[in-house]
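>>> Sequence and predicted structure below; questions after.
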Amino acid sequence: MSDKPKRSGFLQTIREFIYGFTAFEFEQHAVEMRSSMETLFMAITFGDMLGLPIIPPYYSLRMLPYVVPSVATWKRRVLREREMFEDHDFDLHGI
């Protein structure tokens with residue numbers, strides 16, 4: 001009976017290794033793309049909070065109830081101090 005937990009642990013380790021070897025970079029890239037698209041959307045619609053008046057406030061006020069939960073995290077993400085190497089252009093992508 002003690003052989004079964006070892007075998008399932010080994011299979012789990014193999015699954016995680018194959019996932020990390022094949023799909024982890026794609027998942028990270030998808031998360032980065034979603035984050036950048038969300039930041040762009042929020043900047044276009046609610047940029048007047050940061051001093052970027054792009055769209056008239058009427059339309060952003062109509063969308064405000066749907067976006068209220070993510071406004072605080074968006075402002076924190078946009079206004080935080082960044083390092084030079086944080087940019088997506090410096091990723092290795094398979095090297």
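Received it, and whenever you're ready, just let me know what you need. Numbering: from 1, shown residues only.
>>> any low-confidence regions in the chain?
1-4, 55, 81-95 (pLDDT under 70).
>>> Go again with 80.
1-7, 45-64, 67, 71, 74-75, 77-95 (pLDDT under 80).
>>> Which stretches in it count as helices?
3-22, 24-46, 57-79 (DSSP state H).
>>> Any chance of JSON lines for these, columns mean neighbour count?
(C-beta placed from N, C-alpha, C; glycine too.) Shown next, in JSON lines, are the helices of the chain (neighbours: other C-beta atoms under 10 Å):
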{"stretch": "helix 3-22", "mean neighbour count": "10"}
{"stretch": "helix 24-46", "mean neighbour count": "13"}
{"stretch": "helix 57-79", "mean neighbour count": "11"}
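>>> wait, doesn't D48 sit right on L61?
No. The pair D48 / L61 is not scored as a contact, 10.3 Å apart, by C-beta atoms under 8 Å.
>>> what's the burial count for L52?
Using other C-beta atoms under 10 Å, the number of residues around L52 comes to 11.
>>> Can you report phi and psi for it?
phi -120, psi 80 (degrees, to the nearest 10).
>>> my guess is it meets L40, correct?
No. The pair L52 / L40 is not scored as a contact, 11.5 Å apart, by C-beta under 8 Å.
>>> And for the residue nearest to P53 when sequence neighbours are not counted, the neighbour number?
In this structure, P53 finds its nearest non-sequential neighbour in G47, 6.7 Å apart by C-beta to C-beta, 6 or more residues apart in numbering. Look at G47: counted by other C-beta under 10 Å, it has 15 neighbours.
>>> Report the separation between G47 and K75.
In this structure, G47 and K75 are 11 Å apart, going by C-beta to C-beta, to the nearest Å.
>>> Off-centre distance for stretch 14-28?
Centre-to-centre, stretch 14-28 and its host chain are 17 Å apart (C-alpha atoms, centre = their mean, to the nearest Å).
>>> Likewise for stretch 38-45?
The chain centroid and the centroid of stretch 38-45 are separated by 13 Å under C-alpha atoms, centre = their mean.
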